Every structure is written in structure tokens, then in C-alpha cells.
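Novice: No letters, just coordinates:
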């Protein structure tokens, strides 16, 4: 069996809305423009990062969130970790005219697999995996 080359990158970003586009740039730099999962990874990471800087303590002055990326030539895992919230994350039921509330639905529909873990008021972690290989590819395994 061939060894699979795996790239890894982690960055801590300020918990501000202007850092969300930086996540897209970071993915483009890590994966490269020809990666088959780039566009979906950017979309889903944008949604998860926007949630982190909107609905968590990461949005407080001095707050931050972390984005970890692990990738191969055909798959990518993205983990977005924020500083938690006192409220429980839940799936919105957006109406056609709503301009928000679709992030988790998009992650659910576009990713190979995904999950969410939470330590109340300490951190919330959302992760997803995308793969150009129908069975999930080399990175497919349980994630934090």
C-alpha cells in the first residue's frame, strides 16, 4: 500500500468577522487551486468560522478561534474550535427568505462526515471531512 502524504496546518485567529475570509485564503494556500475539495472546504469552513465569531465567547474582546486543516491530494478535514458559549448549539430551520441559519445544514449535506463536540462555556468544536473519493478516502476516521 502506498504511503499517503498528509499536510497539516493550524492557526489561531482573532474572534472577529474580518478573520472569516482569512480562513478561505488559508485553505486555498494549503490545498492549492486544483484540489478537488477546495470550493466546498472554503464554503463549509466559512460557515463554521462565522458561527464561531457570531455565537460564542470567541466574539468577545480579545477572543479567538482556531482552525486546523489536515489534507491529502483527495480529501480534507477541517476543525473549527471556538471559546464556547453558555447556549447549546442547534440546527436552524431557515426559511427561503432568511439570510442566515443554513451553516450546519450545508455542512451536513456537503461533507462526507462531520461532528460537533462541546464543553459548556469552554469550547465548541465543529469538524467536517470532504473527499473526492466516494468511500471517504484516506483520512476517513473518527475525529475529535
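Specialist: That came through, no problem. What you see is a predicted model; the values in this text were computed from it and never measured.
Novice: pLDDT score for the closest residue in space to residue 63 that isn't next to it in sequence?
Specialist: Distances taken as CB to CB, 6 or more residues apart in numbering put residue 15 closest to residue 63, at 3.3 Å, once the chain neighbours are dropped. Placement of C-beta: from N, CA and C, glycine included. For residue 15, the pLDDT comes out at 97.
Novice: Could you verify my assumption that residue 15 touches residue 66?
Specialist: No - between residue 15 and residue 66 there is no contact under CB atoms under 8 Å: 10.2 Å.
Novice: Looking at the two, which is more packed in?
Specialist: Between residue 15 and residue 66, counted using other CB atoms under 10 Å, the more crowded position is residue 15 (22 against 17).
Novice: So the more buried one versus residue 132, what's the distance?
Specialist: Distance of residue 15 to residue 132, computed by CB to CB, to the nearest Å: 32 Å.
Novice: ok, residue 14 - contacts?
Specialist: Residue 14 is in contact with 63-64, counting by CB atoms under 8 Å, 6 or more residues apart in numbering.
Novice: next one: the one 3 residues further on
Specialist: If you count contacts by CB under 8 Å, 6+ apart, residue 17 has them with 50, 53-54.
Novice: Would you mind identifying the helix or strand in this protein with the lowest mean pLDDT?
Specialist: Lowest on mean pLDDT, DSSP states H and E among the helices and strands of the chain sits helix 103-110, with a mean of 84.
Novice: Report all helices and strands that that helix contacts.
Specialist: Contacts defined by 3 or more CB pairs under 8 Å, 6 or more residues apart in numbering; DSSP states H and E place helix 103-110 against helix 38-55, strand 123-131.
Novice: Report the next helix or strand after it in sequence order.
Specialist: Toward the C-terminus, helix 103-110 is succeeded by strand 113-119 as the next helix or strand (DSSP states H and E).
Novice: Grab the most central residue of the chain for me.
Specialist: residue 45 (3.7 Å; CA atoms, centre = their mean).
Novice: That one contacts residue 23, doesn't it?
Specialist: Yes - assessed by CB under 8 Å, residue 45 is found in contact with residue 23 at 5.0 Å.
Novice: Need the residues touching each of these two.
Specialist: 67, 80.
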